[in-house]
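**Student:** next one to model:
(one chain, ligands or ions: 1)
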Amino acid sequence: MYQSKLPRGDSPVTIIGAGVAGAWQALLFAQAGHDVTLHEKSDAAMMLSTSHWAGGMLAPWCESEIAEPVISRLGLRSLDLWRQALPDTPFNGSLVVAHARDRNDFERFAKLTSGHRRLDAAALAALEPSLEGRFRDALFFPAEGHVEPRRVLPKLHEKIVAAGGTIRFDSDVNADDLDGIVIDCRGLSAREAQKDLRGVKGEMILIETDEVQLARPVRLIHPRWPLYVIPRENNRFMLGATSIEAEDTGVSVRSALELLGAAYAVHPAFAEARIVEFGSGLRPAFPDNLPRIAIDDRKIAVNGLYRHGFLIAPALAELTLSFVARGQIDNEVMRCA
Ligand SMILES: Cc1cc2nc3c(=O)[nH]c(=O)nc-3n(C[C@H](O)[C@H](O)[C@H](O)COP(=O)(O)OP(=O)(O)OC[C@H]3O[C@@H](n4cnc5c(N)ncnc54)[C@H](O)[C@@H]3O)c2cc1C
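**Tutor:** Predicted coordinates:
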């Protein structure tokens, strides 16, 4: 077992960044009885975090089409942690659909993933009445969930405070100025310390209509992006997401056309929806697109959550806590200086 040089006992734990990675670290450390302070440079609206722009899908089976097995492992564990922390998290499953021209890609997706069953058109209509007559069949992943990032982050922050932690918004701090254990969850802002981090742009559009009702995310097989429609509260739907190797912000016309086209392809009634918002976020990623917990004495950096932050942040927090409590190392995710 790794001999941790971390200060133990009453040593305070400071977490930098209250996005989904930092929020989960703060929650599990506070619940374990540590003296936790969470610093966040934006205000409580969290507009500066990538997490603010995310889809919030908790979809380890769908993601296994392209992600490494470690993402499924962390994701499956995280589903339990979401359930424990927030029992009202919707676990209504996810749907994958395709139009006839993308049939081969649909079959490929089915082959590369597990945890699904096939629905014929009638079973699909029974599950999502709005999709009646729209698709010949679908893949249903019944155990997947989804959260609404802009609602779930404040809930996590409330829980941190309820567990005895302190949150300081509008607080831009430097790890070198802090005592005790420091957990750096700054996402892409940590790039000066983690030089191989990059941003992968994801664009999204929020629309509103009462013409379509969905209870779960619907992924549309698409030749270029894994496009999806996620139901939000108040008749809103998030359309996401592109994945572009660029670090500018904003939404291009091409991406907007593709996202809106995908919504229209899922249901033509989306054409009458009101556009509420265009936005984009930069996913923090390492060259291998895998998450990393980097340990350097009393400083721990949790980063590279890429397109899986909501899916894996709880399990990453549990690993960090096991390391601090017992020196336990996870060889797939942790790197020790
Ligand atoms: C369009 C889109 C869709 C996505 N959909 C999904 C999805 O469906 N499911 C999923 O699991 N993931 C999804 N993701 C990925 C997910 O959003 C990211 O993996 C996740 O948000 C990364 O979280 P983080 O906490 O590491 O970074 P962030 O959310 O960026 O948080 C870092 C925080 O640190 C703060 N900070 C930086 N420097 C300092 C400082 N010096 N002092 C104090 N605070 C500081 C920042 O203000 C920020 O709030 C999506 C991403 C995008 C862009």
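**Student:** what sits up against stretch 75-84?
**Tutor:** Residues outside stretch 75-84 that contact it (CB atoms under 8 Å, 6 or more residues apart in numbering): 24, 58-60, 63, 89, 91, 143, 145, 147, 308, 311-315, 317-318. For glycine as for every other residue, the C-beta is placed from the backbone atoms N, C-alpha and C.
**Student:** just the C-alphas of that stretch, formatted as PDB.
**Tutor:** Taking C-alpha atoms only, stretch 75-84 is exported to PDB below (Å, rounded to 0.1, in the frame of the first residue of the first chain):
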ATOM      1  CA  GLY A  75     -20.000   5.300 -13.800                       C
ATOM      2  CA  LEU A  76     -21.700   2.200 -12.400                       C
ATOM      3  CA  ARG A  77     -20.400   2.900  -8.900                       C
ATOM      4  CA  SER A  78     -21.500   6.600  -9.300                       C
ATOM      5  CA  LEU A  79     -25.100   5.600 -10.100                       C
ATOM      6  CA  ASP A  80     -25.300   4.100  -6.600                       C
ATOM      7  CA  LEU A  81     -23.700   7.200  -5.000                       C
ATOM      8  CA  TRP A  82     -26.200   9.500  -6.900                       C
ATOM      9  CA  ARG A  83     -29.100   7.400  -5.600                       C
ATOM     10  CA  GLN A  84     -27.800   7.500  -2.000                       C
END
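**Student:** got a quick ChimeraX command for the buried subset of the contacts of stretch 75-84?
**Tutor:** The following ChimeraX line selects those of the contacts of stretch 75-84 that are buried, judged by 16 or more other CB atoms under 10 Å:
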select :24,58,59,60,63,89,145,147,308,311,312,313,314,315,317,318
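**Student:** residue of the stretch 1-150 of the chain closest to the ligand, please.
**Tutor:** residue 19 (2.2 Å; CB to the nearest ligand atom).
**Student:** now do that residue: how many residues are near it, please.
**Tutor:** Residue 19 has 28 neighbours, counted by other CB atoms under 10 Å.
**Student:** numbering from 739 from now on, please.
**Tutor:** Happy to do that; since the first residue is 739 now, the last one works out to residue 757.
**Student:** distance check, it against residue 917.
**Tutor:** 23 Å (CB to CB, to the nearest Å).
**Student:** so which residues on the stretch 739-888 of the chain come close to the ligand?
**Tutor:** Residues of the stretch 739-888 of the chain lying close to the ligand by CB under 6 Å from any ligand atom are 754-760, 777-780, 784, 786-789, 791-795.
**Student:** now, these that are in helices?
**Tutor:** The members of those that map onto helices under DSSP state H are 758, 759, 760.
**Student:** distance of the first one relative to residue 998?
**Tutor:** In this structure, residue 758 and residue 998 are separated by 27 Å, where distance is defined by CB to CB.
**Student:** ok, these two, which is more surrounded?
**Tutor:** Shown here are residue 758 and residue 998; by other CB under 10 Å, residue 758 has more neighbours (32 against 17).
**Student:** what's near enough to touch that one?
**Tutor:** 787, 789, 792, 887, 891, 894, 1043, 1047, 1048, 1051 are the contacts of residue 758 under CB under 8 Å, 6+ apart.
**Student:** recalculate using a threshold of 6 Å.
**Tutor:** Going by CB atoms under 6 Å, 6 or more residues apart in numbering, residue 758 touches 789, 1047, 1048, 1051.
**Student:** closest one to the ligand out of the residues you listed, please.
**Tutor:** Scanning the contacts of residue 758 for proximity to the ligand, where the rule is CB to the nearest ligand atom, the winner is residue 1047, at 2.4 Å.
**Student:** and the closest one, helix, strand or coil?
**Tutor:** Following DSSP: H, G, I helix; E, B strand; the rest coil, the label given to residue 1047 is helix.
**Student:** quick one: the helices in the protein, in order.
**Tutor:** Under DSSP H, the chain gives helices at 758-769, 798-801, 807-823, 841-850, 859-865, 887-900, 991-1004, 1047-1064.
**Student:** now tabulate the ones you listed in a markdown table and tack on distance to residue 978 and mean pLDDT.
**Tutor:** What follows is those, written out as a markdown table (distance: least, CB to CB, whole Å; pLDDT from 0 to 100):
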| stretch | distance to residue 978 | mean pLDDT |
| --- | --- | --- |
| helix 758-769 | 15 | 98 |
| helix 798-801 | 13 | 97 |
| helix 807-823 | 18 | 98 |
| helix 841-850 | 17 | 95 |
| helix 859-865 | 21 | 97 |
| helix 887-900 | 11 | 98 |
| helix 991-1004 | 7 | 94 |
| helix 1047-1064 | 12 | 97 |
